[in-house]
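# Build me a structure from this.
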Amino acid sequence: MAISKLVFDTKMIAKALHIDEDEVVKAFSDGRGAWPFSELWGQSLYEFIKHANTNQPFSDGQFAIGQIGSAQISVKALTANGVKFQQSKDVGVGRKSTKQKLVSSLEACDRVVVVDLTEFPVVRFIPIESTRLISAAHSDRLRVGGWKKNALEAWLEEVYEVSEITLQI
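Numbers count the residues shown, from 1 in each chain. The predicted structure is shown next:
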């Protein structure tokens, strides 16, 4: 698995947004602030088409693969709080998720792209096959609470041969 890494220029972003660099880092390290941009970055890196209805389990994107069909993509943000893999309607304060909802969310897509915002301005894009996450959920390695960064990275090292490449968009 090749993890794609982008390094952003916080000075340029701060200048464009008319805010301090510290505010840029704070906003883009938070999944809520970076979310719309992470989908756009993913479109550029992985050439997927953002789904029009973001309430669908596979709402984050779709690869156009020509004769062999298409692949449903789910994009998830990894923040200081970790990453969860179920639909957004099942994540957050006052919302309840179950193992079945987690598995159903994973079964609805072919691949999950985890956008690691934990070290912004360095952003890593981690493409994971859904079947491997489903297996982790069935074995209780992945639970509804998701994974912290160190748990995700440990699992990736066990399941994949991981390499990183630095890209520019």
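# what about Leu133, how many neighbours?
Neighbourhood size, Leu133 [other C-beta atoms under 10 Å]: 25. Where C-beta positions appear, they are placed from N, C-alpha and C, glycine not excepted.
# Packing partners of the host helix or strand of it?
For Leu133, the host element (DSSP states H and E) is helix 130-138. Helix 130-138 is packed against helix 99-107, strand 111-119, with contacts defined by 3 or more C-beta pairs under 8 Å, 6 or more residues apart in numbering; DSSP states H and E.
# the strands in the chain, which residues?
2-7, 48-49, 61-64, 70-78, 111-119, 122-129, 163-166 (DSSP state E).
# Val144 is nearest to which of those strands?
Closest to Val144 of those is strand 70-78 (C-beta to C-beta; 13.5 Å).
# Please put the alpha-carbon coordinates of the closest one into PDB.
Provided in PDB are the C-alpha atoms of strand 70-78 (Å, rounded to 0.1, in the frame of the first residue of the first chain):
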ATOM      1  CA  SER A  70     -16.700   1.700 -10.600                       C
ATOM      2  CA  ALA A  71     -15.600   1.600  -7.000                       C
ATOM      3  CA  GLN A  72     -17.500   3.200  -4.100                       C
ATOM      4  CA  ILE A  73     -15.200   5.300  -1.900                       C
ATOM      5  CA  SER A  74     -15.600   6.500   1.600                       C
ATOM      6  CA  VAL A  75     -13.400   9.300   3.000                       C
ATOM      7  CA  LYS A  76     -12.700   9.400   6.700                       C
ATOM      8  CA  ALA A  77     -10.700  12.000   8.700                       C
ATOM      9  CA  LEU A  78      -8.100  10.900  11.200                       C
END
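# Now do the buried residues in that strand.
71-78 (16 or more other C-beta atoms under 10 Å).
# Who are the packing partners of that strand?
Looks like strand 70-78 contacts helix 31-46, strand 61-64, strand 111-119 (3+ C-beta pairs under 8 Å, 6+ apart).
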